[in-house]
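In: Here is a sequence with its predicted model. Questions after.
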Amino acid sequence: MDKNNSSVLIEVQELHKEYDNKEILKGVSLELHKGEVLVVLGPSGCGKSTLLRCLNGLEKIQGGDIIFKNNSLTEKNTNWQDVREKIGMVFQNYELFPHMTVIENILLGPLKVQKRDKVEVLAQAEQLLDKVGLLDRKNAYPRQLSGGQKQRIAIVRALCMNPEVMLFDEVTASLDPEMVREVLEVMQSLAKQGMTMVIVTHEMGFARSVADKVVFMDQGKVCETAKPDEFFTNPKTERAKQFLNIFQYN
């Protein structure tokens, strides 16, 4: 898809992040455009998940800037609660409240944080649950659901906040293989609907099919940025070639 500067939603500039004096992100820069699906690939420990957590303020950064809709998120007066409503995130481990039903989990944020009308939110939640095939489970508790069902509920919960961007942090990593497909299908559907997304994944076939752009990271740096077909068929860096060889992609 064609992009121009006016459609840039998030711009990451020379991002640096440290844990205990160890540099995890070493000057990461990238752009995310409205309606774009950006897939971040790389070996475990290269900083992919840390990057996502920085994008919605779950981790403090030590240098660089994150610009969202032309506003710097590194300013001291940044209201991260407001930002997280616009930049939603889905994690590996669902983060559902076990004592609440599915529908109670989904309604909590829109009602308590956004102070929205319950009738309107309930209608949206039920519509989204229907889309992911789980409307009949709305009164179930998390313990009564499979891993794949929990992850689809976590996606619905994030979508019910009406975010402008969705971040997915290896959301299939803890799922049994047969449950992976049902979650990826939901994400594929979101991509077709034009949702702006940043996806960290080890599912290479999915990455190639859903991405508008691939960012390959290694050792805290962006090594390569390319269109998916270009990256998977003709990676430019030796490190990317080695990485893809593991998945028999090159």
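Out: Received the coordinates, thanks. Numbers count the residues shown, from 1 in each chain.
In: buried stuff in stretch 186-198?
Out: Taking 16 or more other CB atoms under 10 Å as the basis for neighbour counts, the residues of stretch 186-198 that come out buried are 186, 187, 190, 191, 195, 196, 197, 198. All C-beta spots, glycine's among them, are computed from the backbone N, C-alpha and C.
In: Would you reformat the residues you listed as TSV and include secondary structure and pLDDT?
Out: As requested, these are arranged in TSV below (DSSP: H, G, I helix; E, B strand; the rest coil; pLDDT from 0 to 100):
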residue	secondary structure	pLDDT
186	helix	94
187	helix	95
190	helix	95
191	helix	94
195	coil	96
196	strand	97
197	strand	97
198	strand	98
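In: for the residues you listed, which one is nearest residue 66?
Out: residue 198 (12.0 Å; CB to CB).
In: shouldn't the closest one be in contact with residue 33?
Out: No: proximity of residue 198 to residue 33 does not meet the contact threshold set by CB atoms under 8 Å, at 11.3 Å.
In: got any residues that touch both of these two?
Out: When CB atoms under 8 Å, 6 or more residues apart in numbering defines a contact, no residue borders residue 198 and residue 33 alike.
In: Going along the chain, name the strands of the chain.
Out: Counting by DSSP state E, the chain forms strands over residues 8-19, 22-33, 37-41, 63-68, 71-72, 87-90, 165-169, 196-200, 213-218, 221-226, given from the N-terminal end onward.
In: OK, contacts around the spatially most central residue of the chain?
Out: To find the centre residue of the chain, average its C-alpha atoms and take the closest one (CA atoms, centre = their mean): that gives residue 167, at 1.8 Å. Residues in contact with residue 167 (CB under 8 Å, 6+ apart) are 52, 55, 56, 87, 88, 89, 90, 197, 198, 199.
In: how does it look with 7 Å?
Out: The neighbours of residue 167, taking CB atoms under 7 Å, 6 or more residues apart in numbering as the test, are 52, 55, 56, 87, 88, 89, 198.
In: any chance of these in TSV, with distance to residue 41 too?
Out: Converted to TSV, these look like this (distance: CB to CB, whole Å):
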residue	distance to residue 41
52	13
55	17
56	20
87	21
88	21
89	18
198	12
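In: pLDDT check: weakest of these?
Out: Per-residue confidence over the contacts of residue 167 reaches its minimum at residue 56, where pLDDT is 92.
In: gap between the closest residue to that residue other than its chain neighbours and residue 81?
Out: Closest residue to residue 56 apart from its sequence neighbours, by CB to CB, 6 or more residues apart in numbering: residue 87 at 4.4 Å. Applying CB to CB, to the nearest Å, one obtains 11 Å for the distance of residue 87 from residue 81.
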